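Asks: This is a predicted model, with the sequence first.
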Amino acid sequence: MSSKKPTKASLVTALKKANIPIPASASIAEMSNRLKYWQGGEGWLVRLLRASSRFDNHPVNLLTNKRELYWLPNSDMANRIIASRIVLVVDRTNEPSNDAIIIDVPSDYDSRWGNGSNNSADS
């Protein structure tokens with residue numbers, strides 16, 4: 001009986017409480033993903049400064065074009081991308097601009113880049 005599935009209403013309430021925007025689709029999967037990975041607050045508008053090929057096992061590889069503007073939700077993924085120092089932070093905003101490409105946290109984030117998935121050092 002402890003395997004209660006979240007309802008849309010409970011997820012909406014939890015997202016609002018965490019100051020995370022409700023996705024337009026309002027699907028349970030997307031809301032659960034946001035609740036798991038997003039942190040409340042403003043997202044990041046960034047531009048890629050140089051090729052991300054040196055970062056093989058790093059979420060910065062989700063950004064592929066130096067000419068594009070990207071919006072990242074406030075999350076561990078965004079913090080890791082910004083810490084890579086190969087992106088330029090343009091602004092912090094709750095809503096992406098119309099010309100920005102939205103990079104959401106992938107649902108397999110933990111298995112790809114999560115805690116302890118790759119302890120090797122880049123040198």
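Replies: Received, thanks. Numbers count the residues shown, from 1 in each chain.

Asks: how much space between Asn94 and Asn65?
Replies: Here Asn94 is placed at a distance of 24 Å from Asn65 (C-beta to C-beta, to the nearest Å). In this view, the C-beta of every residue, glycine as well, is placed from N, C-alpha and C.

Asks: typed the wrong thing, it's His58
Replies: Separation of His58 from Asn65 (C-beta to C-beta) stands at 17 Å.

Asks: Comparing the two, which shows the higher neighbour count?
Replies: With neighbours defined as other C-beta atoms under 10 Å, His58 and Asn65 compare such that His58 has more, 19 against 10.

Asks: For the more buried one, give me its contacts.
Replies: Applying C-beta atoms under 8 Å, 6 or more residues apart in numbering to His58 gives the contacts 52, 80-81, 84, 113.

Asks: nearest to Asp104, of the residues you listed?
Replies: Ile81 (12.7 Å; C-beta to C-beta).

Asks: Near the nearest residue to the closest one once chain neighbours are set aside, how many other residues are there?
Replies: Among residues not flanking Ile81 along the chain, Val60 sits closest, at 4.8 Å (C-beta to C-beta, 6 or more residues apart in numbering). Counted with other C-beta under 10 Å, the neighbours of Val60 add up to 22.

Asks: List the buried residues of the helix or strand bottoming out on mean pLDDT in the chain.
Replies: Taking mean pLDDT, DSSP states H and E as the measure, the chain has helix 109-113 as its least confident helix or strand, at a mean of 85. In terms of neighbour count (16 or more other C-beta atoms under 10 Å), helix 109-113 has its buried residues at 109, 113.
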